[in-house]
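# Structure of the sequence below:
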Amino acid sequence: MKLARTMLALAVGVGAFASLPAAAQDQIIFVNNTYRTGPFSGSGIPIADGTRDYLMMLNARDGGIGGARIVIEECETQYDTRRSVECWEQAKQRGSVLYAPWSTGATLATIPRAHIDKMPIFAMAYGLSASAVGDSFPWVFNPPLTYWDGASVWIQYIAQREGGFEKLRGKTIGLVHLDAPFGKEQIPFLEAMAKEYGFTLKLYPVNPNEMQNQSSTWLAVRRDRTDWVLLQGWGAMNPTAVREAGRAGFPRDKLLGIWWAGGDDDARPAGADGKGYLSISWHQVGTNFPVIQDIIKHVVERGQSQSPREKVGENLYNRGVYQGILIAEAMRNAQRLSGRKAITAEDMRRGLESLDISAARWTELGAPDFAAPVRLTCQDHNGHFPAFLVQWDGTKWARATDWITPDRARIRPMLEEAARAYTTSNQGWPRRTEACDQRS
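Model (predicted):
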């Protein structure tokens with residue numbers, strides 16, 4: 001397969017296995033989709049680095065997880081769905097315990113395969129929002145928030161700033177979004193909110209080929225006298241949007257990014273025009289956490305990280321660390337539930353479905369107050385957990401709000417209806433038969 005040439009075996013003591021006794025060769029294979037090249041690489045690289053460095057740190061510090069070393073491999077996709085589907089096949093052949101698509105398009109393309117190939121999909125805060133419904137999608141996991149949750153956080157924040165939900169009537173809220181499945185995912189929820197609260201929703205799609213040429217988009221924002229702009233961007237689209245907002249005179253403190261538009265390199269290139277820009281997040285930034293210090297000690301200072309030292313602790317790097325923590329904790333659960341060190345993909349599905357990281361556990365992991373507790377169940381593969389907004393002060397991100405909890409009571413029924421629509425339209429979609437280890 002051509003893709004084999006782009007597969008990078010990046011980690012983790014692989015060459016040492018041949019000299020070890022059989023009992024010491026227990027390993028867990030994880031093939032992670034990445035895009036270190038192409039127009040989205042500016043966002044993809046730090047997340048890939050944070051994930052990889054955390055798992056490598058566990059190997060160096062602890063000898064892996066539960067007596068099994070983690071074999072980390074990367075499959076380069078360039079954010080291309082066709083390549084990403086090839087990476088699914090590669091992950092399956094390699095015996096990966098899960099598939100991390102790292103694009104909504106790739107997630108949508110592989111969801112129908114997961115229950116057939118018995119490999120769970122871990123799409124952290126992206127992909128098909130309805131896949132949060134575990135009874136319909138027992139092989140797909142998307143914690144800690146869906147894009148509909150993100151839209152709820154956006155609207156709640158705007159209402160706070162405007163003085164109440166009733167003040168939204170007559171306002172114009174724009175969505176500048178990548179013209180791709182990722183960019184369109186939360187539109188149904190925003191349309192429902194616009195109808196309920198009386199604001200006008202304006203859509204400003206950005207073609208992937210025009211991500212760095214958005215002048216016409218922002219002229220339209222200015223022409224429409226848009227009051228607030230929501231940014232559902234990724235990669236090279238984001239710094240262009242922040243810069244063009246400044247050139248158009250749009251107030252940066254009324255430009256709200258989704259969590260994937262909150263990288264340091266999304267705001268930094270805009271210079272003074274970036275100051276005041278806001279983005280959703282759900283974890284802290286910086287290196288002042290024992291877990292990040294352990295990564296620096298065991299990986300970065302030993303020259304085993306691909307990340308520049310100065311980028312360790314930045315927002316998207318720490319998001320990669322967050323992903324690594326969730327994956328590693330699910331691996332621990334899978335070992336406990338299966339009684340095996342070298343878990344299978346089917347074991348990993350059970351481990352993800354019983355994921356439970358309390359505040360106390362975050363502290364044990366060296367990440368006190370790093371993020372909100374996470375608990376998944378058989379029915380809820382997302383959790384709809386709280387988030388907050390961070391604001392760019394010209395040089396770094398700083399937390400700007402308290403926790404904002406998505407409107408779960410409104411979102412969950414909509415997701416369940418969307419899940420029913422998906423499974424009904426896909427003839428022969430199987431009913432759940434997988435056993436349940438953790439119910440709501």
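# just checking, Pro239 touches Ala261?
No - between Pro239 and Ala261 there is no contact under C-beta atoms under 8 Å: 9.5 Å. To be clear about C-beta, it is placed using only N, CA and C from the backbone, and glycine gets the same treatment.
# more crowded one of the two?
Ala261 (28 against 24; other C-beta atoms under 10 Å).
# who's in contact with the more buried one?
Ala261 makes contact with 231-234, 238, 241, 279, according to C-beta atoms under 8 Å, 6 or more residues apart in numbering.
# what two of these have the greatest distance between them?
Greatest spatial distance in the contacts of Ala261: Trp234 and Ser279, 12.2 Å, computed using C-beta to C-beta.
# what about the two, which has more around it?
Neighbour tally, Trp234 and Ser279, criterion other C-beta under 10 Å: the higher count belongs to Trp234, 28 against 25.
# Quick check, pLDDT for that one.
Trp234 carries a pLDDT value of 92.
# In three-state terms, label it for me.
coil (DSSP: H, G, I helix; E, B strand; the rest coil).
# tell me the contacts of it?
40, 43, 79, 178, 182, 260-261.
# quick one: which of those residues is nearest Ile121?
Phe182 (15.2 Å).
# Find the nearest non-adjacent residue to that closest one, please.
Thr104 (3.9 Å; C-beta to C-beta, 6 or more residues apart in numbering).
# Please tell me how far that neighbour sits from Asn142.
Distance of Thr104 to Asn142, computed by C-beta to C-beta, to the nearest Å: 10 Å.
# Same check on Glu353?
From Glu353 to Asn142 the distance is 13 Å (C-beta to C-beta).
# When those two are compared, which one has more neighbours?
For Glu353 versus Asn142, the count of surrounding residues by other C-beta under 10 Å is larger for Glu353: 28 against 25.
# Show me where this protein dips below the pLDDT cut-off.
For the chain, the stretches flagged by pLDDT under 70 are 1-25, 440.
# rerun that using 50 as the cut-off
1-24 (pLDDT under 50).
# Outline the domain layout of it.
2-145+285-385, 147-281+387-407 (automatic domain parsing).
# could you pull out the helices for the stretch 151-300 of the chain?
181-184, 187-197, 215-223, 237-247, 264-267, 290-295 (DSSP state H, counting those that start in this stretch).
# Adding distance to Ala68, write the ones you listed out as JSON lines.
Below are the helices of the stretch 151-300 of the chain laid out as JSON lines (distance: least, C-beta to C-beta, whole Å):
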{"stretch": "helix 181-184", "distance to Ala68": "34"}
{"stretch": "helix 187-197", "distance to Ala68": "40"}
{"stretch": "helix 215-223", "distance to Ala68": "49"}
{"stretch": "helix 237-247", "distance to Ala68": "38"}
{"stretch": "helix 264-267", "distance to Ala68": "34"}
{"stretch": "helix 290-295", "distance to Ala68": "19"}
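# Kindly list the longest helix within the protein.
The residue-count maximum for a helix in the chain (DSSP state H) belongs to helix 315-338.
# Thr226: neighbouring residues, count only.
21.
# bridging residues for the residue nearest to Leu175 when sequence neighbours are not counted?
For Leu175, ignoring the flanking residues on the chain, the nearest one in space by C-beta to C-beta, 6+ apart is Leu230 at 4.8 Å. Judged by DSSP bridges, the bridge partners of Leu230 are Leu175, Leu256.
# ok so, going back, overlap of the contact sets of Glu353 and Asn142?
Residues touching both Glu353 and Asn142 (C-beta under 8 Å, 6+ apart) are His381.
# what comes into contact with stretch 392-403?
Under C-beta under 8 Å, 6+ apart, the answer for stretch 392-403 is 157, 252, 262, 264, 267-268, 272, 274-279, 281, 284-285, 315, 372, 386-391.
# Out of those residues, which end up buried?
Buried members of the contacts of stretch 392-403, counted by 16 or more other C-beta atoms under 10 Å: 157, 252, 262, 264, 267-268, 274-279, 281, 284-285, 315, 372, 386-391.
# Which ones among those residues lie within strands?
Counting by DSSP state E, those place 278-279, 281, 388-391 in strands.
# Find the helix or strand that Ala398 is a member of.
Here Ala398, judged by DSSP states H and E, is contained in strand 397-399.
# next structured bit after that strand?
Using DSSP H and E, the first helix or strand after strand 397-399 is helix 408-425.
# List the buried residues for that following helix?
408, 411-412, 414-416, 418-419, 422-423.
# and the residues you listed as JSON lines, adding distance to Arg36?
Converted to JSON lines, the buried residues of helix 408-425 look like this (distance: C-beta to C-beta, whole Å):
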{"residue": "Arg408", "distance to Arg36": "36"}
{"residue": "Ile411", "distance to Arg36": "34"}
{"residue": "Arg412", "distance to Arg36": "36"}
{"residue": "Met414", "distance to Arg36": "36"}
{"residue": "Leu415", "distance to Arg36": "33"}
{"residue": "Glu416", "distance to Arg36": "37"}
{"residue": "Ala418", "distance to Arg36": "33"}
{"residue": "Ala419", "distance to Arg36": "34"}
{"residue": "Tyr422", "distance to Arg36": "32"}
{"residue": "Thr423", "distance to Arg36": "35"}
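# Asn209: neighbour count?
A count of neighbours around Asn209, defined by other C-beta under 10 Å, yields 9.
# If you could redo that for Ala328, that was the one I meant.
23.
# doesn't Met57 make contact with it?
No - using C-beta under 8 Å as the test, Ala328 is too far from Met57 to be in contact (9.9 Å).
# related to what we said a few turns ago, find the residues that touch each one of Thr104 and Asn142.
With contacts taken as C-beta under 8 Å, 6+ apart, Thr104 and Asn142 have 123, 126-128 as neighbours in common.
# Quick check on these: which are buried?
Among the shared contacts of Thr104 and Asn142, the ones that count as buried by 16+ other C-beta under 10 Å are 123, 126-128.
# right, and the pair among the residues you listed with maximum separation?
Between any two of these (C-beta to C-beta), the greatest distance is 9.0 Å, for Tyr126 and Leu128.
# Identify the contacts common to the two.
Contacts common to Tyr126 and Leu128, judged by C-beta under 8 Å, 6+ apart, are 104, 107, 142, 185.
# want to throw those residues into a markdown table with secondary structure and distance to Tyr197?
Below are the shared contacts of Tyr126 and Leu128 laid out as a markdown table (DSSP: H, G, I helix; E, B strand; the rest coil; distance: C-beta to C-beta, whole Å):
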| residue | secondary structure | distance to Tyr197 |
| --- | --- | --- |
| Thr104 | helix | 26 |
| Thr107 | helix | 30 |
| Asn142 | coil | 26 |
| Glu185 | coil | 20 |
